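**Student:** Generate coordinates for the sequence data below:
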Amino acid sequence: MQTVDEKGKYFTERITKGRVDVLITTVKGHIRGYVYVASGQRVKDMLNAHSERFIAVSDATASALDGSDVIEVELMAVNKDHIVSVVPIDK
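**Tutor:** Predicted coordinates:
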């Protein structure tokens, strides 16, 4: 729901999201990091959402399938078309 203040500025509801630790396997390698899902949403629901082509992975560590070429970045956008599997990591 949107509200408008006296100056015409739009405000929308804030959506609470939970951070999920995941291991993503792509066609070229592995990515370990965090994805954010809306309250009551599953990782599967985020992957099946057709509105977004990419998913954001924070604090990501990526490597080739053989474990070489390791890189660490604060944020990585991953094309969902290249994802083979996503496994939530329980702590």
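**Student:** Near the spatially closest residue to Ile15 that is not a sequence neighbour, how many other residues are there?
**Tutor:** Nearest residue to Ile15, sequence neighbours excluded (Cβ to Cβ, 6 or more residues apart in numbering): Ala38, at 5.5 Å. The way it works is simple: take the backbone N, C-alpha and C, and place the C-beta from them, glycine included. Ala38 sits with 13 neighbouring residues when counted by other Cβ atoms under 10 Å.
**Student:** Tell me which stretches of the protein form helices.
**Tutor:** For the chain, helices defined by DSSP state H occupy the ranges 43-48.
**Student:** show me where it has strands.
**Tutor:** Secondary structure of the chain (DSSP state E): strands at 2-4, 10-12, 17-26, 29-38, 54-64, 71-79, 83-88.
**Student:** For the residue nearest to Ile15, which residues are in contact?
**Tutor:** Ala38 makes contact with Ile15, Thr16, Lys17, Gly18, according to Cβ atoms under 8 Å, 6 or more residues apart in numbering.
**Student:** who's it bridged to?
**Tutor:** Beta-bridge partners recorded for Ala38 (DSSP bridges): Lys17.
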